[in-house]
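>>> Sequence isn't available, so here's the structure alone:
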């Protein structure tokens, strides 16, 4: 990620030793003790911005950088959770969909992932990819399909994340495949 546009430093006399940082939009806010010198402040601001960016990078999906990266990530996830049996012909990012986060067409083995998911944590994108890969092996949402999807250990957590994201954004996106999907 590029360096933040703005860094705001907040000093507190009540803060004794701990330095922390968080992102609010494009601004990184660094909290420091009031007694620190300007030189220590500069060192800690650089350190905390660097830590925050490393932490954010770890949470990002390896597939967010392009369609080829998505294809590679699908191969990894298929091997790990679906015995390598789900092999898509193509996987690509597409403009935001109105009723779903992603879609799969088993007949031509294509998977499309909504651009809305580019900035979510990597484990959420991984769930969506596993969900769509499972459709290559079980086209509907029957018990067999859900047994495949639930091989991914963060399934329930990712479903909750997507439901919260949809609600917060005022979207009517219930599940990965749209409002008609049932979580089995």
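Thanks, I have it. This one's a predicted model, so the numbers in the text were calculated from it and none came from an experiment. Numbers count the residues shown, from 1 in each chain.

>>> In the chain, which helix is the longest?
Of all the segments of type helix in the chain, defined by DSSP state H, the longest one is helix 38-59.

>>> Now do that helix: everything it contacts.
Applying C-beta atoms under 8 Å, 6 or more residues apart in numbering, the external contacts of helix 38-59 come out as 1, 3-4, 7, 9, 19-23, 28, 30, 32, 36, 121-123. (Each C-beta comes from the backbone N, C-alpha and C, glycine too.)

>>> How far does the lowest-mean-pLDDT helix or strand in the chain sit from its chain's centre?
For the chain, using mean pLDDT, DSSP states H and E, the weakest element among its helices and strands is helix 38-59, scoring a mean of 82. Using C-alpha atoms, centre = their mean, to the nearest Å, the mean C-alpha position of helix 38-59 is found 22 Å from that of the whole chain.

>>> helix or strand right after that helix?
Once helix 38-59 ends, the next helix or strand along the chain (criterion: DSSP states H and E) is helix 67-81.

>>> Give me the contact list for that following helix.
Taking C-beta under 8 Å, 6+ apart as the criterion, the residues outside helix 67-81 that touch it are 61-63, 84-88, 90-93, 111, 113, 125-126, 129-130, 133, 148, 151-152.

>>> gap between the most centrally placed residue in the chain and residue 56?
Using C-alpha atoms, centre = their mean, the residue of the chain that lies closest to the mean C-alpha position is residue 121, 2.3 Å off. Distance check for residue 121 against residue 56: by C-beta to C-beta, to the nearest Å, it reads 10 Å.

>>> Residue 74 now?
Between residue 74 and residue 56 the distance, using C-beta to C-beta, works out to 23 Å.

>>> Between those two, which is the more surrounded one?
Neighbours around residue 74 and residue 56, counted as other C-beta atoms under 10 Å, are more numerous at residue 74. The numbers are 25 against 13.

>>> roughly how far is stretch 106-120 from the heart of the chain?
Using C-alpha atoms, centre = their mean, the distance between the centre of stretch 106-120 and that of its chain works out at 13 Å.
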